[in-house]
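Chemist: structure, please.
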Amino acid sequence: LPDAEPWAHLPEATLVQRHSQWVDLELEGRQPLRATLAGKLKGVKLVCGDRVRYSPVPVEAVDHALPQAQVVAVLPRRSLLKRGGIDDREPWQLICANADELWICAAVVDPPLRPGLLERAYALALDAGLAFRIIVTKRDRASGKDTLPELDPVREMGLGIVETSASRGAGLEPLQALLRDRTAVLVGHSGVGKSTLVNALLPGLALKTGAMSRYGTGRQTTTAARWLPTPYGGTLVDTPGIRTLSVRGLDRGLLPTLFPEFPADWIEDPMALDPEDEALDLDYPERLLSLQRLWTEMAERNPNQRGG
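Modeler: This is a model prediction of the structure:
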């Protein structure tokens, strides 16, 4: 990022959304402001949550039809949540800057709970230095006797799990408490109930919600990350539904934390191991398979891939 020090005398704001010719900002007191970007920032990959400095009047010539406030600097990020890009042209896909927590939504049913996605989300949280929580949605759709054994491996890791039912208002209070003066990013497959959960947490917002499609996948109802101030003092960032979370190019040094049950030599090179080998005495063979997948994908780095 360009040096922000020459602009230290100007006020700060939070970048909420970037458009083609301007950006939306949030000022102190949650006031909105639309501004243009100074020329040196137009090629910078800005993201929801970036802290910026702006001038109420343009420091460079601006079309009179455009907003006259102008963003002139981006402050250093204290965290940057990102996932691996789909190809070498876009090595990283930036999700949010300066967040405190990452929440991954996982539905009990429709679509079914996928532990592999939880592991990927945890990898992204570790990379960004964020607290990580699993938000189980649609809990009312399963029997109370169903202990959700798919979550046993992450329970044993001590990760935070909050079970919710937005339709019944269950499990919302812990999340509301977590949103006090903190910024949490919400991710999950389309159809897991993210928008329904957000509506329950933020009454009156009335986000559009989507049912399952005829093919068993969720319908997309969020098309860009949304910066949602909460009445609890913090912010919830609702992101578009995802199909997967790429860990391409992330540091393999994250793997011991992701898979603490495995010996160091397994993590150093897991590909010689067979998850179906009974001699390994694995409680969760699918975890070894997941380790192999992430180990391989993390090695897929390209020369353009730096810290983001």
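Chemist: just the strands in the stretch 51-200 of the chain please.
Modeler: Remark: strands assigned in the stretch 51-200 of the chain by DSSP state E, counting those that start in this stretch are 51-55, 70-74, 80-87, 90-97, 101-107, 131-137, 160-163, 183-188.
Chemist: return the list of strands paired to the first one, each annotated with direction.
Modeler: Put plainly, it is strand 51-55. In the sheet containing strand 51-55, its partner strands are strand 12-18 (antiparallel), strand 70-74 (antiparallel), by DSSP bridges.
Chemist: redo the strands of the stretch 51-200 of the chain as JSON lines? Include distance to D152, mean neighbour count and mean pLDDT.
Modeler: For the C-beta atoms, the positions are set from N, CA and C on the backbone; glycine is no exception. Shown next, in JSON lines, are the strands of the stretch 51-200 of the chain (distance: least, Cβ to Cβ, whole Å; neighbours: other Cβ atoms under 10 Å; pLDDT from 0 to 100):
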{"stretch": "strand 51-55", "distance to D152": "40", "mean neighbour count": "20", "mean pLDDT": "97"}
{"stretch": "strand 70-74", "distance to D152": "43", "mean neighbour count": "23", "mean pLDDT": "96"}
{"stretch": "strand 80-87", "distance to D152": "26", "mean neighbour count": "19", "mean pLDDT": "89"}
{"stretch": "strand 90-97", "distance to D152": "28", "mean neighbour count": "20", "mean pLDDT": "92"}
{"stretch": "strand 101-107", "distance to D152": "14", "mean neighbour count": "25", "mean pLDDT": "96"}
{"stretch": "strand 131-137", "distance to D152": "12", "mean neighbour count": "21", "mean pLDDT": "97"}
{"stretch": "strand 160-163", "distance to D152": "11", "mean neighbour count": "16", "mean pLDDT": "96"}
{"stretch": "strand 183-188", "distance to D152": "20", "mean neighbour count": "25", "mean pLDDT": "96"}
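Chemist: about what we covered before: nearest to V162, of the strands paired with strand 51-55?
Modeler: Closest approach to V162 among those is made by strand 12-18 (25.9 Å; Cβ to Cβ).
Chemist: what does the closest one rub up against?
Modeler: Identification of contacts with strand 12-18 by Cβ atoms under 8 Å, 6 or more residues apart in numbering yields 23-28, 32-33, 46-54, 71, 75, 98, 224-225, 227.
Chemist: could I have the CA atoms of that strand written out in PDB?
Modeler: Provided in PDB are the C-alpha atoms of strand 12-18 (Å, rounded to 0.1, in the frame of the first residue of the first chain):
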ATOM      1  CA  GLU A  12     -10.200   8.600   8.800                       C
ATOM      2  CA  ALA A  13     -13.100   6.500   7.500                       C
ATOM      3  CA  THR A  14     -13.900   2.800   6.700                       C
ATOM      4  CA  LEU A  15     -14.300   1.700   3.200                       C
ATOM      5  CA  VAL A  16     -17.600  -0.100   2.900                       C
ATOM      6  CA  GLN A  17     -17.800  -0.900  -0.800                       C
ATOM      7  CA  ARG A  18     -15.900  -0.100  -4.000                       C
END
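Chemist: got any ranges where this structure has weak pLDDT?
Modeler: Low-confidence segments of the chain (pLDDT under 70): 206-223, 302-308.
Chemist: helices along the stretch 101-250 of the chain, start to end?
Modeler: Secondary structure of the stretch 101-250 of the chain (DSSP state H, counting those that start in this stretch): helices at 115-128, 152-156, 172-178, 194-201.
Chemist: tell me which of those helices sits nearest to K40.
Modeler: Between K40 and those, the tightest spacing by Cβ to Cβ is seen for helix 115-128, at 25.7 Å.
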